[in-house]
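1. Got a predicted structure plus its sequence, pasted below:
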Amino acid sequence: MFDRTGRDAIGRSGAGSRGRAKAGRRFLVEPLEGRALMTASLAPIPSVTVEAGAGYQVPLNGAYNGNTDPQTYTVTTNTPSGGVAATVATGQFWSITVNHVSSGPNDPAFSGTMVYQLFQDLTPNSAAKIESLINGTVPYANLTAQAQPVIYPNGANSPGRDYYLFGGNTIHRVANLTGTPPVVPNDYIVQGGSLNGDGTGQVFATPYANETSPQLVFNESGQLALANSGGTSSNDSQFFATTGLNVGLNGNYTIFGQLVSGANILTDLSHVAVGGTSGTTPLGSVDITGSSLSTTNPDGVIHINAANSTAGTLTNVTVTATDTVDGSTTSRTFPVFTIPSGTLTATTSTPPTLLPVATPITTNIYKPVSFQLGASNPTGNALTYTVQGGVTGGAFTSTIANATATVSASGLVTVTPTPGYTGPINLVVGVQDGVNRAGTAATASSPANYSLQNVTINVAQPVVTGAVRFILDSSGGTTGNLVITPPPRPSPTARNTISVTQNAGSVQVTINGVVDSIQPAVTDVDSIIVYGSKANDTITIDPTLTMPATLNGGTGGKDVLTAGGGPTREQGWHGTSTVEKQGSAENFQFGRAGHVTFVKGTGTSNVIFAGTIYHPKGHSRIRRIPPPPRGTFYTFSGDKLVKTHDPFTTKPASSTTTKTTKAATKK
């Protein structure tokens, strides 16, 4: 910051000439303290619905907002009776880069990287087997004769290499498990890693057993599993990733990882053109061009375990991310609903998933804020969005504290803070497709059938320009007057431009290009009062604003006043020249004769007066009730001003037509 302290701060160290003192003036600059930005990051987490006795894997997007620092995670729950348990997955991160070559116009080429966290904690043997293939550390004797030269091209005693780059580097199968035509278009598996690139070839001399558990079931997209030849102890090098709900695979295959980034690449893989004898072979090659392991990553996975959970229970789960570089932290909370076992028994039951709402969302006092909801829609059913105050006891809490909120059929949420309130507004937003998957005790509109997200909106005390005030009336309600006083300008030729418009149900004031953060609701504004300053002031009220307004030209310069859609009083007694433009309602226009120009509008019942301040000879200007000004009243006849009688008396004056609008007031 800049700071001047003592006489020496401006170069006046003692007596001396004015010139020397002037030349020696300087600012002392206080150095800014270096501060590192806190970078811990975690994207909003949608709600989870899990069957009693089963589990669910929740990917954590720690690269949210562009963060690249490694992060660690902790998790806690509110531990209700019959609630779920939650733990942080431990295991390395496998990055797989793929490249697809187009086979024709309807098969676009693409490349990109998917990252999976392996489950060393839940499937230690399977994770270790795959890691040994990636690291090239499988004991030579444990490989088949065909696989040995692939991993150890220079013999048994040489360093090994990544099998998935030099052997199983082909995605050879993209299969829709729901048949043709697909019942659920996104319910695919993408398979690769075979020794011969076509689903054949054995790598391990002795295959290994499944590691299955109720906590690891096929109930979401992005799960990484081992392919086998049909037996519980026939696992090898082949893997597959899911893009939907595949409950028919439960108990037969090992889920050993979860996608944490690169979902778009997995989706692209599921859409490649396929054919061949099986109808599942990509027509354009899909090759693995990159493969690596890492122990650190911004992302992560939370295991949800409903083994001891009771159907109909809601558990709130809080995840905290810690940046390992700077130690900063951030947290997210999401609800987990437990539904009856066996509810999700068909691929057509895949529920919609709410796309994470970007946060934080901030607004200022009196100002509504809007954000758009979106969702995946596997079933194609009509989607219904909701905004609620929370979920209590398995039911929605409709009341939203300190705000009102609405949501359109298309998912546009608009939140209006309670007038005068500052602080957090807590909401729950969600989507459902009209299908009851939560058991007979629930309905389609029950919270358990929604994909939900907690959203917090921070309402800040406004940083005002100092020119706008909202003065509440004495009724104790929320209504009042919007008063605008622009700042003085630094030179006689400078200009203040004040625009008062309507924005999303609020009155918005823009002063010299800056939008003021005091924006009361249109319905709360009794009147608008704008005072000019000692400058050239241009004051405009939008025609959509129909409340009364008073526009007062400044005390200097050339002023332009434009009425809006409500009854308007325009005053131009000072300044060198004032233009007063009528609006579409009643217009009361007053100004100094010879210095004001009146412009016709579409309003009726207009009162127009051009006059001068009257000070009778010998009359003191300092009186409690000053004498009224002298001047002439006018009205418009067509586009011309016509003299008329004083509308505030009953005695009419003779009428005279003037040549032009300005002539009536020309000095």
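-> Yes, it's here.

2. CA atoms for contacts and neighbours, from now on please.
-> Fine.

3. Following element in sequence after the strand or helix carrying Gln589, please.
-> Using DSSP states H and E, Gln589 sits in strand 587-592. Next helix or strand after strand 587-592 toward the C-terminus (DSSP H and E): strand 596-599.

4. roughly how far is that next one from the heart of the chain?
-> In terms of CA atoms, centre = their mean, to the nearest Å, the centre of strand 596-599 is set 47 Å apart from its chain centre.

5. ok, and what's touching whatever helix or strand comes next after that strand?
-> Next helix or strand after strand 596-599 toward the C-terminus (DSSP H and E): strand 607-612. By CA atoms under 8 Å, 6 or more residues apart in numbering, the surrounding residues in contact with strand 607-612 are 587-593, 596, 629-635, 647, 665.

6. Show me the beta-bridge partners of Ile189.
-> Taking DSSP bridges as the rule, Ile189 bridges to Ala175, Thr242.

7. What pLDDT does the model give it?
-> pLDDT, Ile189: 93.

8. for the closest residue to Leu177 other than its chain neighbours, what are its contacts?
-> Closest residue to Leu177 apart from its sequence neighbours, by CA to CA, 6 or more residues apart in numbering: Tyr188 at 6.0 Å. Neighbouring residues of Tyr188 by CA under 8 Å, 6+ apart: Val174, Ala175, Asn176, Leu177, Thr242, Thr243, Gly244, Ser270.

9. buried ones in whichever helix in the chain runs longest?
-> In the chain, taking DSSP state H as the definition, the longest helix is helix 124-135. Neighbour-count burial for helix 124-135 flags Asn125, Ser126, Ala127, Ala128, Lys129, Ile130, Glu131, Ser132, Leu133, Ile134, Asn135 (criterion: 16 or more other CA atoms under 10 Å).

10. could you dump those to CSV with distance to Val203 and pLDDT?
-> Output for the buried residues of helix 124-135, formatted as CSV (distance: CA to CA, whole Å; pLDDT from 0 to 100):
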residue, distance to Val203, pLDDT
Asn125, 16, 97
Ser126, 14, 98
Ala127, 16, 98
Ala128, 15, 98
Lys129, 11, 98
Ile130, 11, 98
Glu131, 14, 98
Ser132, 12, 98
Leu133, 9, 98
Ile134, 13, 98
Asn135, 15, 98
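
11. immediately after the longest helix of the chain, which helix or strand?
-> helix 148-151.

12. okay but Gln215 is in contact with Ala306, surely?
-> Yes: with contact defined as CA atoms under 8 Å, Gln215 reaches Ala306; the gap is 7.4 Å.

13. the more surrounded of these two?
-> Neighbours were counted for Gln215 and for Ala306 using other CA atoms under 10 Å; Ala306 has more, 26 against 18.

14. now the helices: where do they sit in this structure?
-> So, for the chain - with DSSP H - the helices run 18-23, 124-135, 148-151, 163-166, 263-270.

15. Can you lay out the ones you listed as JSON lines showing distance to Gly192?
-> Shown next, in JSON lines, are the helices of the chain (distance: least, CA to CA, whole Å):
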{"stretch": "helix 18-23", "distance to Gly192": "77"}
{"stretch": "helix 124-135", "distance to Gly192": "13"}
{"stretch": "helix 148-151", "distance to Gly192": "16"}
{"stretch": "helix 163-166", "distance to Gly192": "9"}
{"stretch": "helix 263-270", "distance to Gly192": "11"}
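
16. right, and those helices - which one's nearest Thr510?
-> helix 18-23 (39.6 Å; CA to CA).

17. Averaged pLDDT, the closest one. What do you get?
-> 39.

18. Ser331 is nearest to which of the helices of the chain?
-> Per CA to CA, nearest to Ser331 of those: helix 263-270, 22.9 Å.

19. Run through who's touching the closest one.
-> By CA under 8 Å, 6+ apart, the list of residues contacting helix 263-270 reads 110-114, 174-175, 186, 188-190, 222, 243.

20. Need the mean per-residue confidence for stretch 248-267.
-> In this model, stretch 248-267 has a mean pLDDT of 93.

21. Using CSV, write out the CA atom coordinates for that stretch.
-> Presented in CSV, the C-alpha positions along stretch 248-267 are these (Å, rounded to 0.1, in the frame of the first residue of the first chain):
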residue,chain,number,x,y,z
GLY,A,248,-26.2,-58.4,-14.2
LEU,A,249,-22.4,-58.5,-13.8
ASN,A,250,-22.5,-58.4,-10.0
GLY,A,251,-20.6,-61.1,-8.2
ASN,A,252,-18.9,-62.4,-11.4
TYR,A,253,-16.3,-59.7,-11.9
THR,A,254,-13.8,-57.8,-9.8
ILE,A,255,-14.2,-54.0,-9.6
PHE,A,256,-10.7,-52.7,-8.8
GLY,A,257,-10.9,-49.0,-9.7
GLN,A,258,-13.0,-45.9,-10.4
LEU,A,259,-12.6,-43.2,-13.0
VAL,A,260,-11.7,-39.8,-11.5
SER,A,261,-11.0,-37.8,-14.7
GLY,A,262,-11.4,-38.2,-18.4
ALA,A,263,-15.1,-39.1,-18.5
ASN,A,264,-15.5,-37.4,-21.9
ILE,A,265,-12.9,-39.9,-23.3
LEU,A,266,-14.8,-42.9,-21.9
THR,A,267,-18.0,-41.5,-23.5
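
22. Pull up the overlap in contacts between Gln215 and Ala306.
-> Jointly contacting Gln215 and Ala306 under the rule CA under 8 Å, 6+ apart are Gly53, Ala54, Gly55.

23. mind checking the backbone torsions on the second one?
-> Taking degrees, to the nearest 10, you get phi -110, psi -160 for the backbone angles of Ala54.

24. okay, now it: neighbour count?
-> Around Ala54 there are 23 residues (other CA under 10 Å).

25. Contacts only, for Phe396.
-> Gln388, Gly389, Gly390, Ser446, Pro447.

26. Ignore what I typed, I meant Phe110.
-> Asn99, His100, Val101, Asp268.

27. hmm, 6 Å instead?
-> His100 (CA atoms under 6 Å, 6 or more residues apart in numbering).

28. what residues are up against Met547?
-> Counted by CA under 6 Å, 6+ apart, Met547 has contacts Ser527, Gly566.

29. Relative to Ala563, how far out is it?
-> 11 Å (CA to CA, to the nearest Å).

30. swap in Tyr163?
-> Where Ala563 is concerned, Tyr163 sits at a distance of 76 Å (CA to CA).

31. More neighbours: the two, which one.
-> Using other CA under 10 Å as the criterion, Tyr163 and Ala563 rank with Ala563 on top: 29 against 26.

32. my guess is that one meets Gln582, correct?
-> Yes: between Ala563 and Gln582 there is a contact under CA atoms under 6 Å: 5.4 Å.

33. model confidence over stretch 62-71, on average?
-> Mean predicted confidence for stretch 62-71 is 91.

34. who's in contact with it?
-> Ser41, Leu42, Ala43, Thr296, Asn297, Pro298, Asp299, Thr322, Asp323, Thr324.

35. Stretch 152-163 now?
-> Against stretch 152-163 from outside (CA under 6 Å, 6+ apart): Leu133, Ile134, Asn135, Gly136, Tyr140, Ile151.

36. which of the residues in it are buried?
-> Applying 16+ other CA under 10 Å to stretch 152-163 flags Tyr152, Gly160, Arg161, Asp162, Tyr163 as buried.

37. Skipping adjacent residues, who's closest to the fourth one in space?
-> Spelled out, that is Asp162. Ile134 (4.5 Å).

38. quick revisit: how about the shared contacts of Gln215 and Ala306 in JSON lines, adding distance to Gly532 and pLDDT?
-> Listed next are the shared contacts of Gln215 and Ala306 as JSON lines, based on distance: CA to CA, whole Å; pLDDT from 0 to 100:
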{"residue": "Gly53", "distance to Gly532": "71", "pLDDT": "93"}
{"residue": "Ala54", "distance to Gly532": "69", "pLDDT": "94"}
{"residue": "Gly55", "distance to Gly532": "67", "pLDDT": "95"}
